[in-house]
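>>> structure for the following, please:
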Amino acid sequence: MGGVSDDVALLDDLMPWAVGGLRLGRDWVAAPDPATLRTRWAVLAGSEGAERDRLFRPSRSRTPTASVAALPGQRSAATARFADAPGPCPEPVRVLREPFDEQWLLPDQRLIDSARPELWRVRDEHQLFLVEGPEVLVTAHLPVGRLGRIRPLHRRPGGVEPNLAPGLLPLLGERYGGWVTPEDVLCWILAAGRPGPRGHEVPLPADPGRWRAGLELGHRLLTVRLRGARGGEPPRLPGGHRPYVRSAVGSWPRGLAYDAETRTLGVGDGTVSPVPAGAWEYEVQGVRVLEAWCAARTAHREPGADGLAALGPDRWPQGWTSELLALVTTLGLLAGLAPERAAFEPGPLLPAEALRMSGVLPPPSWSRRPASVLDHQEEGPGGQFALL
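Below you'll find the predicted structure:
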């Protein structure tokens, strides 16, 4: 990208509050379908003694006898030690487990090594999460695992305080001649942000026209990545290119097979077509997203699967095929947008020095910390009131 220099603003300064990824500590607390998690919970809760320890997979942070606070925002969150009173199975919640792989999680802090409560406090229908990795991800679901540092778009529930450098939105509105929203900034990051030697760089344009062009591209990228979350219409490939199930998946796949000539994806004895070559070839960190998605759904059938992680569906759920069609659509659309994004140029830049002169940079130290939650009541270990 022409014009990028050491004076370009960094994502770390424009979205100051970042949180490390959730560390689950045990893979069995997440699964591709909620029914599996309820089965795993029932088996664990019904076990005793050494068998419970074996199934639980204790770590230095979590054991069946550990005392922890309730997970924020979960009405049925238990605070008694699991060994004393497991309680009813918490309702599984949708999460982003791997790039483009939406799965389910048992939202119980007694089972998760590092659940990042500060993220759960701001998780609601208004929130979006940016995940900073080799490829920037944006999701409406809480990211879990080793995806990268997480930057919520809002610092408080309800979307009332943006996680942006104070003064940035008014400055951009003045420069570009219009109202600028937090989501606009997120869209610009998707369109123009690039990894650099100092971190993820976000070149801001001097020309309002380039800003509007970047927003148009960024909004299309965001729509595809959100995949219909927050009540939006799921994106679709153009007519004639939309994937359909040609034959149902009956047997468990040992992997996926792709026929480039017919654009057919083989899933066990099932087939899906047409599947764009760009969707099949889409990779994150050198791993094909479709193959990783399939591997996550057959992991419980692998010879090395043990304990609760070996519990899963006996048959390929029909819902997974629907998810596969949606994923093929997402990857196909992103592959189609990739050349346009790669070619996008912000033009002459608004230097970071201009942001410093206006007082936007560097962001104040408080903006890198979670917002106050003094009005947020939570239950501490053993049912005690938690002081936040």
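
>>> got the domain ranges for the chain?
In the domain annotation for the chain, the residue ranges read 1-19+125-206+347-388, 23-115, 244-303+312-343 (automatic domain parsing).

>>> make JSON lines out of those and add mean pLDDT.
Listed next are those as JSON lines, based on pLDDT from 0 to 100:
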{"stretch": "domain 1-19+125-206+347-388", "mean pLDDT": "89"}
{"stretch": "domain 23-115", "mean pLDDT": "94"}
{"stretch": "domain 244-303+312-343", "mean pLDDT": "97"}
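
>>> closest to residue 216 out of these?
Across those, residue 216 has its closest neighbour in domain 1-19+125-206+347-388 (8.4 Å, CB to CB). Yep, even glycine has a C-beta here, placed from its N, CA and C like the rest.

>>> chain center to the closest one: distance?
Its chain's C-alpha centre and that of domain 1-19+125-206+347-388 lie 15 Å apart, by CA atoms, centre = their mean, to the nearest Å.

>>> can you redo the domains of the chain as a markdown table with mean neighbour count and distance to residue 238?
Formatted as a markdown table, the domains of the chain follow (neighbours: other CB atoms under 10 Å; distance: least, CB to CB, whole Å):
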| stretch | mean neighbour count | distance to residue 238 |
| --- | --- | --- |
| domain 1-19+125-206+347-388 | 18 | 21 |
| domain 23-115 | 18 | 21 |
| domain 244-303+312-343 | 16 | 9 |
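
>>> dump these into CSV; add distance to residue 220 as well.
CSV is the format used below for the domains of the chain (distance: least, CB to CB, whole Å):
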stretch, distance to residue 220
domain 1-19+125-206+347-388, 9
domain 23-115, 17
domain 244-303+312-343, 7
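
>>> between these, which one is nearest to residue 235?
Set against residue 235 and scored by CB to CB, these come closest in domain 244-303+312-343, at 5.6 Å.

>>> endpoints of the closest one, how far apart?
Using CA to CA, to the nearest Å, the end-to-end distance of domain 244-303+312-343 comes to 31 Å.

>>> so what's the gap between it and the chain middle?
Here domain 244-303+312-343 shows a centroid-to-chain-centroid distance of 19 Å under the convention CA atoms, centre = their mean.

>>> got it, and stretch 35-45?
Centroid separation between stretch 35-45 and its chain, computed with CA atoms, centre = their mean, is 24 Å.

>>> contacts for it, please.
Outside stretch 35-45, the residues that touch it by CB atoms under 8 Å, 6 or more residues apart in numbering are 28-31, 52, 55-56, 86, 89-90, 92, 104-106, 300, 308, 311-313.

>>> repeat that for stretch 88-96.
By CB under 8 Å, 6+ apart, the residues outside stretch 88-96 that reach it are 30, 34, 37-38, 41-42, 45, 74, 76-78, 102-108, 129, 131, 137, 139, 141-144, 147.

>>> CA atoms only: put it into CSV for me.
What follows is stretch 88-96 as a C-alpha-only set of coordinates in CSV (Å, rounded to 0.1, in the frame of the first residue of the first chain):
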residue,chain,number,x,y,z
PRO,A,88,-28.0,-27.7,36.4
CYS,A,89,-26.2,-27.5,33.0
PRO,A,90,-25.8,-23.9,32.0
GLU,A,91,-27.3,-22.9,28.6
PRO,A,92,-24.6,-23.2,26.0
VAL,A,93,-23.7,-19.9,24.2
ARG,A,94,-22.5,-19.3,20.7
VAL,A,95,-18.8,-18.4,20.4
LEU,A,96,-16.1,-18.0,17.7
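
>>> phi, psi for residue 96 please.
In terms of degrees, to the nearest 10, the main-chain angles of residue 96 are phi -100, psi 110.

>>> what about the contacts of stretch 88-96, which are in helices?
Among the contacts of stretch 88-96, DSSP state H puts 34, 37, 38, 41, 42, 45 in helices.

>>> quick one: residues contacting residue 8.
With contacts defined as CB under 8 Å, 6+ apart, residue 8 is in contact with 196, 201, 202, 203, 349, 351, 352.

>>> mark which of these are part of strands, please.
196, 201, 349 (DSSP state E).

>>> take the residues you listed and lay them out in TSV including distance to residue 337.
Output for the ones in strands among the contacts of residue 8, formatted as TSV (distance: CB to CB, whole Å):
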residue	distance to residue 337
196	22
201	20
349	23
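
>>> ok, so of those, who is nearest residue 237?
Set against residue 237, the nearest of those by CB to CB is residue 201 (31.5 Å).

>>> tell me the spacing between the closest one and residue 67.
For residue 201, the distance to residue 67 under the criterion CB to CB, to the nearest Å works out to 44 Å.

>>> narrow the contacts of stretch 88-96 to those in strands?
Within these, membership in strands is found for 30, 102, 103, 104, 105, 129, 131, 137, 139, 142, 143, as judged by DSSP E.

>>> can you pull the contacts of the second one?
Listed by CB under 8 Å, 6+ apart, the contact partners of residue 102 are 94, 95, 96, 139, 141, 227, 323.

>>> quick one, what contacts the fifth one?
Contact partners of residue 141, counting by CB under 8 Å, 6+ apart, are 94, 95, 96, 102, 129, 229.
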